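Trainee: the following comprises the amino acid sequence and a computationally predicted model.
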Amino acid sequence: MDHGTGQDAESVTGGGELLAVLGVGPGLGMSMAERFGAEGHDLALVSRSAARHPSYRARLAERGIGSRTYAADVNDPEDLHRVLAEIRAAQGPVGAAWFGPASTEGPAIVPLPDAGPEALLAPVRALLAPLPHVVRELVPDMVARGRGTLFFGVGGSGLVPTPALGTLAPASAAARMYVLTLAETLGEKGVHVAALTIGGVIARGDIHRSLAAQPGLLDAFGTLDPDDIAAAAWELHRERDRHEVVFDGA
């Protein structure tokens, strides 16, 4: 486990509800941490590698926000189970969670006219299969306590047909509908579920950095400010009146 800052436990916790950022990166994950931390939430930040964790903690500390960091592959169910057990032991129950481990890796995008069954199903497995593991890990405790918030990042091609994204679009649609149906299922149990539907490339993130090196791609998809998305997520968490916010990068 990697959760040290060289500070004592009192200095890295804010005494508020705990937000687990499952898939933290320099873009949206950190914006979520900054916004919720500024609102008094304790923070547990999880990413596959611990290499950036000192810089994440330092960035938050500059804003007077404490945090703990953990290394785990949140797409792997055993690793997810392990890290959430560590988080609970160190920081208590998770009151809210963001799951959005965006990556430049993953199944190749295949144009739909060229896609066979395996090419079509590979992105579905990559995007949809991790979601029920997150739900099974977090929802029972939230239901027992009668409150909680789950945010999931889903692709805008699941809402608006995007031919350039080929086989990624049906997978995004499946993930989005899973989240929205889950929201209707859990609403009466005190658990608020929301989709942040991302129809563009998030600034400061790894995907943005990768696409910026290829002329024209950012112009094709548009760029989104992660601070705006995090602000909308905070409003969803506070108001609990909607289950989706769509961000269009066009």
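Mentor: Everything's here; your move. Here the structure is a predicted model, which is why all the values come from computation and not from measurement. Numbering: from 1, shown residues only.

Trainee: quick one: the helices in the chain?
Mentor: With DSSP state H as the criterion, the chain has helices at 28-38, 53-61, 77-91, 117-128, 130-145, 168-186, 206-212, 217-221, 226-239.

Trainee: P140 and D76: what is the separation?
Mentor: According to CB to CB, to the nearest Å, P140 and D76 sit 20 Å apart. The way it works is simple: take the backbone N, C-alpha and C, and place the C-beta from them, glycine included.

Trainee: which of these two has more residues huddled nearby?
Mentor: Higher neighbour count among P140 and D76: D76, with 14 against 11, using other CB atoms under 10 Å.

Trainee: related to what we said a few turns ago, okay, the helices of the chain, which one's buried deepest?
Mentor: helix 28-38 (a mean of 24; mean count of other CB atoms under 10 Å).

Trainee: how close does V83 sit to R240?
Mentor: Look at V83 and R240: by CB to CB, they are 27 Å apart.

Trainee: then P140?
Mentor: 20 Å.

Trainee: about what we covered before: CSV for the helices of the chain, including mean pLDDT?
Mentor: Formatted as CSV, these follow (pLDDT from 0 to 100):
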stretch, mean pLDDT
helix 28-38, 96
helix 53-61, 97
helix 77-91, 97
helix 117-128, 94
helix 130-145, 97
helix 168-186, 96
helix 206-212, 56
helix 217-221, 58
helix 226-239, 96
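
Trainee: now do the same contact list for the closest residue to V160 other than its chain neighbours.
Mentor: Counting by CB to CB, 6 or more residues apart in numbering, V160 lies nearest to G199, which is 6.5 Å off, once chain neighbours are set aside. By CB atoms under 8 Å, 6 or more residues apart in numbering, G199 lies in contact with 155-157, 159-160, 222, 224, 246-250.

Trainee: hmm, try it at 7 Å
Mentor: 156, 160, 246-249 (CB atoms under 7 Å, 6 or more residues apart in numbering).

Trainee: strands - which of those residues land there?
Mentor: 246-248 (DSSP state E).

Trainee: ok, and the most crowded of those residues?
Mentor: Most crowded among those, counting by other CB under 10 Å, is F247 at 19 neighbours.

Trainee: so in terms of bridging, what pairs with that residue?
Mentor: Judged by DSSP bridges, the bridge partners of F247 are I198.

Trainee: pretty sure it is touching L224, no?
Mentor: Yes: counting by CB atoms under 7 Å, F247 does reach L224; the two are 5.2 Å apart.

Trainee: overlap in contacts, the two.
Mentor: Listed as contacting both F247 and L224 by CB under 7 Å, 6+ apart are 198, 200.

Trainee: before we move on, the earlier item: nearest to E17, of the contacts of G199?
Mentor: Set against E17, the nearest of those by CB to CB is F247 (24.7 Å).

Trainee: what pLDDT does the closest one get?
Mentor: pLDDT for F247: 94.

Trainee: with T162 instead?
Mentor: Value for T162, per-residue pLDDT: 89.

Trainee: need the phi and psi values for the most centrally placed residue in the chain.
Mentor: Nearest to the mean C-alpha position of the chain, counting by CA atoms, centre = their mean, stands G100 at 2.4 Å. Dihedral angles of G100 (phi, psi; degrees, to the nearest 10) stand at phi -160, psi 60.

Trainee: show me what contacts the residue lying closest to G153 once chain neighbours are set aside?
Mentor: Leaving aside its sequence neighbours, G153 sits nearest to G100 (CB to CB, 6+ apart; 3.2 Å). Shown in contact with G100 (CB under 7 Å, 6+ apart): 23, 28-29, 152-153.

Trainee: for the residues you listed, work out which two are farthest apart.
Mentor: Top of the distance list for those (CB to CB): G29 and F152, 13.2 Å.

Trainee: show me how far stretch 54-68 is from its chain's centre.
Mentor: The chain centre lies 19 Å from the centre of stretch 54-68; the measure is CA atoms, centre = their mean, to the nearest Å.
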